[in-house]
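# turn this into a structure:
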Amino acid sequence: MPAGPVRLRPPAHRLDRRALLRWYVGEAGIVVLGVAIVLIAVWLVPDRFVPPWLPWLLIGLDVVQALVVPPWRYRVHRWEVTDEAVYTQTGWWTRERRLAPLSRVQTVDVDQGVLDRALGLAEVRVTTASAAGALRIPYLALPAAEQLAAELTRAARASGGDGT
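Take a look at the predicted model:
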């Protein structure tokens with residue numbers, strides 16, 4: 001029987017809903033920075049080189065991006081742990097799906113940045129011997145992240161792999 005292409009389904013779990021707020025806060029910072037850059041550029045560049053509508057267009061695009069990107073990312077970012085692997089899907093312009101066999105897991109970490117801590121979120125980082133780097137499952141509720149890390153550690157130990 002000829003082997004056809006293997007098609008991966010999207011992972012089963014979404015991130016915590018607070019991921020939206022986290023992304024909106026991050027995008028708001030980008031908007032503020034973008035507006036500041038546009039205003040400084042308009043102030044420094046002679047009037048004859050800048051059409052009067054251009055700064056407003058750039059600011060408008062920045063604001064639209066800030067409103068569109070977080071929900072888009074929320075719909076795309078997913079994760080799942082099966083009996084055999086950790087599976088993540090990330091990206092918003094391009095999609096990346098990564099699978100890491102549990103037998104290859106070397107470390108499992110739970111990380112929290114300052115803003116994540118304020119929102120009660122955490123990231124689970126699964127390190128393998130892969131040159132592509134760790135698999136990241138960001139913006140989970142802290143208790144869920146801690147539980148997932150414990151489950152992954154147990155599953156990796158039970159898989160009998162040597163992590164390489």
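# C-alpha only now, for contacts and for neighbours.
OK.
# pull the residues that contact stretch 148-164.
Under the contact criterion Cα atoms under 8 Å, 6 or more residues apart in numbering, stretch 148-164 has outside partners 83, 102-110, 124, 128-129.
# buried only: go through those residues for me.
Leu102, Ser103, Arg104, Val105, Gln106, Thr107, Val108, Asp109, Val110, Val124, Thr128 (16 or more other Cα atoms under 10 Å).
# verify the stated contact: the third one with Val126.
No - applying Cα atoms under 8 Å as the test, Arg104 and Val126 come out as separate, 9.8 Å apart.
# run through the helices of the protein in chain order.
18-44, 54-76, 114-119, 142-159 (DSSP state H).
# tell me what the shortest one is packed against?
Which is helix 114-119. Counting contacts by 3 or more Cα pairs under 8 Å, 6 or more residues apart in numbering; DSSP states H and E, helix 114-119 packs against helix 18-44.
# can you rerun that using 7 Å?
Taking 3 or more Cα pairs under 7 Å, 6 or more residues apart in numbering; DSSP states H and E as the contact definition, helix 114-119 has no neighbouring helices or strands.
# and that helix, which residues are buried?
Asp116, Leu119.
# what's next to it, contact-wise?
Ala122 (Cα atoms under 7 Å, 6 or more residues apart in numbering).
# want to throw the helices of the chain into JSON lines with distance to Pro11?
Listed next are the helices of the chain as JSON lines, based on distance: least, Cα to Cα, whole Å:
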{"stretch": "helix 18-44", "distance to Pro11": "17"}
{"stretch": "helix 54-76", "distance to Pro11": "10"}
{"stretch": "helix 114-119", "distance to Pro11": "23"}
{"stretch": "helix 142-159", "distance to Pro11": "15"}
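# distance check, the spatially closest residue to Glu123 that is not a sequence neighbour against Arg22.
Using Cα to Cα, 6 or more residues apart in numbering and skipping the chain neighbours, the partner closest in space to Glu123 is Pro138 (4.0 Å). Distance, Pro138 to Arg22, using Cα to Cα, to the nearest Å: 10 Å.
# pLDDT score for the nearest residue to Thr128 once chain neighbours are set aside?
In this structure, Thr128 finds its nearest non-sequential neighbour in Val105, 4.7 Å apart by Cα to Cα, 6+ apart. Looking at Val105, its pLDDT reads 92.
# from His13, how far off is Val105?
20 Å.
# same check on Ile59?
Taken as Cα to Cα, the span from Ile59 to His13 is 35 Å.
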